[in-house]
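**Student:** Here is a sequence with its predicted model. Questions after.
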Amino acid sequence: MEESWMAKLPAIVGESQYVEKNGRIVVFPNSTEHVSSIVKLANENQVKLAVKKSKESVVKQEPKILLDLSKMDTIVEIDRENVTAAVMTGINLAAFQSEMKKRGFYFPPTSIWDNGSLMIEAIAANHTGPSSGKYGKWREYVLGMEVVLPTGEILNLGGKNIKCVSGLDMMGLFIGSHSQLGIVTKVLLRLLPKPEASKLSIARVNTLLDGVNAANTLGPRGQLPARNELITPNMAWEMQIPGIEKGQTVLLTEIEGFVESLSRQLAEVDLIYQKYGVKSQLVISDEKEIEEIWSRYFFTASLHMQKQTYNLTIIPSKLPSLYDAIEKICRQTGFSFEMIMHCGVVNIDLFLDSIDSSNLIEFEEGLFKALLLLGGKMADKKIGIGSHVLEIEKLESGLKRLFDPSGVMAG
Amino acid sequence: MLSSAVTAELKNIVGTKNIYLKSEETLPFGYDATLKEQPPDAVVFPQSTEEVVQIMKLANRELIPVISRGAGTNLSGGSVPLHGGIVLNLTRMNRILEIDTKNLLAVVEPGLVNNDFQEVLAPLGFYYPPDPASMKVCTIGGNVGECAGGPRCMKYGVTREYIRGLEVVLPTGQVIMTGSKNKAAGGGYDLTKLMIGSEGILGVFTKIIVSISPLPEAKKTMLCSFDRIEDASNTVANIVGEGIVPTTLEMMDNLLINCAEDHTRVGLPRDAAAILLIEVDGYKEDLPRQVETIHQVCRKNNMREFKLAKSAVEVDQLWVARRTVIGAVARKRPSYSLQDVTVPRNKLPAIVSKIVAISEKYQLPIGVLAHAGDGNLHPLVLFDERDQEEVRKVHMAEGEICRAALELGGTLSGEHGIGSLKLPYLTWEFSRTAIDLMKGIKQLFDPHNILNPGKVVGV
């Protein structure tokens, strides 16, 4: 493959900053200005472009240029007085989080999909994860951003202000829109003070449904754990969660905050759990040990992510019905499944086992129908009926044209 | 002026009891807290989504401006019908449609008053965290339109974080549902967030799905006075540095302390340069040590006096000054102009000294009220609106305050919005490209430019 526009790449990013791979050019920009120049080049030559994903082995769409931001991984500034950090989005998210902890700060947003990914991927996807219930998602943390628009222009939005309602909320549009409206290259993030202490309770539950009901009772009783994860037996076993035998469904409950109240909080959680037969096996207070459990959690999840996966959201009271529906559809189609449920937001990562792809359409139809009936949602999929769905699609394609008039962003 | 055919059709849609056409009736809907004023041609009070749809279709067909409005407590000219037209007053759509404590959500209509909602939630053990100072009268719909903050938002965040979904009537009369009852849901661009804080230029909210939270079990309220504003500001930064995120860190300067004391007689120190109202909440056993840490931080920063409220009555006493101070300034001068510039927290002393300089330059008393924890300031410029020369100076002072905030890395608006008041300054904060994109969004949603024309982005 040799096209005239390619000859311009060395002048933009330097000789060794791009490689040709499977008919695509992977470019490694060093700066926002590099990204801007590459996007302009793509625009001038009508070449499709996308941000490279770390986990996706096969790129479905047709981008000629893949931007790999991994060299843009600088922490530009940590502002102790305003408790903010300015970061280039090519940084590895998990590395950034552990660096913040070392410096006495806390940055909770992550998901099983983001672990091992670059920050830009996490911002572009805005996945729901274990900490979303208590701590929210990306929009709550991004105070400012530098974005390269699909035209190559650079846009600067926001600042170190916790409150800002000046103009329309364009930052909210760039977050979660899969880099279709622009490439976020730098962000100003709100940090939190690192919690003083935490306790992780490991409990076993008799049935998944008991666990669901137990966890759902916490919120209305004023308990909002930092993380509250319900895990099916096979995955729990692979995670080597201490105190747990093979075949047991596990409920992890992590509480963090000030030292004084932690034990009572945990006792209150236990009291609620007992009503549903959820038995605490072990409480871990050592920060390192807790971290190790979470890293095994993420590692195991990453192995399962290579299967057919779905991310589902539902309101707590409808969860038992959704669970019944999933079980039924799986029985009918001969699939077995594993799941991790982020109870704080009632968001489920569902992994299908023993895929017989001929039944997959039937499975998905059943799942969509159940979600539609129960008012649930699936990530990156519109579930709904009626004219308003079409109207929303019209608005979205209008926004896409507004931000990307020449359609240079792939996907 | 509306044609008689249009007014007849409006009457038909909402009923004769739900429309104002006479000038003495429409006059009160022509102004807000700013000096801008222009009465509408008609005020309608729809009572259902369907009525809003019909009104929007009529207006879109006849190209009549429509200004949706809640209680009109907005502070940047957003609800003033600059081009006349129809004021869509949503205060009669004020029902709570659903409270679902099991799922920690509620569905409400836009005209519901924030505090009325709180009073229904409290006996159930729940609350809706956004608490703008005008909560006793302002509506949830207005709160969403402005992305209202409030004293509590330092810890709990602004309105944006509590809105799960919206039923929106678009300017074309089409109804869309953005978001859902689910707390976290992906799928498509985040139109809910785009709607929040859009100041009524993109659509009319007819149903709002909000998150509610269980009430915290305990809180502690403190008041501390200082001889220097810098000491108060440093106290704010140091408290956060200690790993404590208070729900509230409110600051009042000497001018406002005296206004408040004249009005309330609660015993505020009249000669202090600044007071800080500090509140922490959470689990009861966690609070004493936090109070002690805060006390130490105040001491380290040369505090004068530190008071910890011992009873609910004392808590109310400490709060009453803060809640009423904006009204209390009327004792000094008949008019005030209120800004809501926001700066990074550590720039608070810098912006305050700039404001003092601006006050001296224009010979205008300026009181400073600040949500100090989040760097959001409310400089109150006091004047007499009958004095034209003074009004001219006020506008110049406003501009200089905005400029100063932006130079310190701040923003024009922390919570009141751009409206029409701050529109002239928009190019100071945003590039041409950014403004063009925002205008493009407005045109996409409202091709005939009938919803609150001329506001926020100036289309």
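**Tutor:** Structure's in. What do you need?

**Student:** When you work out contacts or count neighbours from here on, use the C-alpha atoms and nothing else.
**Tutor:** OK.

**Student:** Chain A contacts on the stretch 251-400 of chain B?
**Tutor:** Counting by C-alpha under 8 Å from any C-alpha of the partner chain, the stretch 251-400 of chain B comes close to chain A at B:283, B:284, B:285, B:286, B:342, B:343, B:344, B:345, B:346, B:374, B:375, B:376.

**Student:** and the closest residue to chain A within the stretch 51-200 of chain B, what does it touch?
**Tutor:** Distances between the stretch 51-200 of chain B and chain A by C-alpha to the nearest C-alpha are smallest at residue B:187, namely 3.9 Å. Residue B:187 makes contact with A:377, A:378, A:379, A:380, A:381, A:382 under the criterion C-alpha atoms under 8 Å, 6 or more residues apart in numbering or on different chains.

**Student:** Pull the most distant pair out of those residues.
**Tutor:** With distance counted by C-alpha to C-alpha, no two of the contacts of residue B:187 lie farther apart than A:377 and A:380, which are 9.0 Å apart.

**Student:** Show me which of the two is the more surrounded one.
**Tutor:** Applying other C-alpha atoms under 10 Å in any protein chain shown to residue A:377 and residue A:380 shows that residue A:377 carries more neighbours, namely 27 against 19.

**Student:** Surely the more buried one is in contact with residue A:318?
**Tutor:** No - between residue A:377 and residue A:318 there is no contact under C-alpha atoms under 8 Å: 11.9 Å.

**Student:** out of the contacts of residue B:187, which touch chain B?
**Tutor:** Those of those which are also neighbours of chain B are A:377, A:378, A:379, A:380, A:381, A:382, as judged by C-alpha under 8 Å from any C-alpha.

**Student:** Please work out how many residues are found near the second one.
**Tutor:** The number of residues packed around residue A:378, counting by other C-alpha under 10 Å, is 21.

**Student:** OK, contacts around it?
**Tutor:** Applying C-alpha under 8 Å, 6+ apart to residue A:378 gives the contacts A:310, A:311, A:312, A:313, A:371, B:185, B:186, B:187.

**Student:** Swap in 6 Å and give it another go.
**Tutor:** If a contact means C-alpha atoms under 6 Å, 6 or more residues apart in numbering or on different chains, then residue A:378 has A:311, A:312 as its contacts.

**Student:** What's the per-residue pLDDT of it here?
**Tutor:** The score at residue A:378 is 89. That number is its pLDDT.

**Student:** What average pLDDT does the longest helix seen in chain B get?
**Tutor:** Selection of the longest helix in chain B by residue count, based on DSSP state H, yields helix B:388-407. Mean pLDDT, computed over helix B:388-407, is 95.

**Student:** Give the buried residues for that helix.
**Tutor:** Buried residues in helix B:388-407, counted by 16 or more other C-alpha atoms under 10 Å in any protein chain shown: B:390-391, B:393-394, B:397-399, B:401-406.

**Student:** Can I get it in CSV? Just the C-alpha atoms.
**Tutor:** Coordinates of each C-alpha in helix B:388-407 appear next as CSV, following Å, rounded to 0.1, in the frame of the first residue of the first chain:
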residue,chain,number,x,y,z
GLN,B,388,-28.7,55.7,35.0
GLU,B,389,-25.1,56.7,35.5
GLU,B,390,-24.8,54.1,38.2
VAL,B,391,-26.4,51.4,36.1
ARG,B,392,-23.8,52.1,33.4
LYS,B,393,-21.0,51.7,36.0
VAL,B,394,-22.6,48.5,37.3
HIS,B,395,-22.5,46.9,33.8
MET,B,396,-18.9,47.9,33.4
ALA,B,397,-18.0,46.4,36.8
GLU,B,398,-19.9,43.2,35.9
GLY,B,399,-17.8,42.9,32.7
GLU,B,400,-14.6,43.5,34.7
ILE,B,401,-15.5,40.8,37.3
CYS,B,402,-16.1,38.3,34.5
ARG,B,403,-12.8,39.2,32.8
ALA,B,404,-11.0,38.9,36.0
ALA,B,405,-12.4,35.4,36.7
LEU,B,406,-11.5,34.2,33.2
GLU,B,407,-8.0,35.5,33.6
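
**Student:** Report the buried members of the residues of the stretch 251-400 of chain B next to chain A.
**Tutor:** Neighbour counting by 16+ other C-alpha under 10 Å classes B:283, B:286, B:342, B:343, B:344, B:345, B:346, B:374, B:375, B:376 among these as buried.

**Student:** Turn those into TSV, including pLDDT.
**Tutor:** Formatted as TSV, these follow (pLDDT from 0 to 100):
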residue	pLDDT
B:283	94
B:286	95
B:342	95
B:343	95
B:344	93
B:345	89
B:346	88
B:374	89
B:375	91
B:376	93
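
**Student:** which among those residues gets closest to residue B:258?
**Tutor:** The shortest gap between residue B:258 and any of those belongs to residue B:376, at 21.2 Å (C-alpha to C-alpha).

**Student:** The closest one contacts residue B:342, correct?
**Tutor:** Yes - Residue B:376 lies in contact with residue B:342 (C-alpha atoms under 6 Å); the separation is 4.1 Å.

**Student:** For the closest residue to residue A:371 other than its chain neighbours, list each beta-bridge partner.
**Tutor:** Taking C-alpha to C-alpha, 6 or more residues apart in numbering or on different chains as the measure, residue A:371 lies nearest to residue A:377, with 6.4 Å between them; neighbours along the chain are not counted. The residues listed as beta-bridge partners of residue A:377 by DSSP bridges are residue A:313.

**Student:** Packing partners of the lowest-mean-pLDDT helix or strand in chain B?
**Tutor:** With mean pLDDT, DSSP states H and E as the measure, the helix or strand of chain B carrying the lowest mean pLDDT is helix B:312-328 (a mean of 87). Secondary-structure packing of helix B:312-328 (3 or more C-alpha pairs under 6 Å, 6 or more residues apart in numbering or on different chains; DSSP states H and E): helix B:254-264.

**Student:** how about 10 Å then?
**Tutor:** If contacts are counted by 3 or more C-alpha pairs under 10 Å, 6 or more residues apart in numbering or on different chains; DSSP states H and E, helix B:312-328 sits against strand B:218-226, strand B:248-253, helix B:254-264, strand B:274-282, strand B:303-308, strand B:335-338, strand B:366-371.

**Student:** How about the contacts made by the residue in the stretch 51-200 of chain A that chain B sits nearest to?
**Tutor:** Distances from the stretch 51-200 of chain A to chain B, computed as C-alpha to the nearest C-alpha, single out residue A:164 as the nearest residue at 4.3 Å. The contact partners of residue A:164, taken as C-alpha atoms under 10 Å, 6 or more residues apart in numbering or on different chains, are A:143-144, A:158, B:147, B:149, B:158, B:197, B:340-343, B:376, B:410-417.

**Student:** let's see 7 Å
**Tutor:** With contacts defined as C-alpha atoms under 7 Å, 6 or more residues apart in numbering or on different chains, the neighbours of residue A:164 are B:411, B:413, B:414, B:415.
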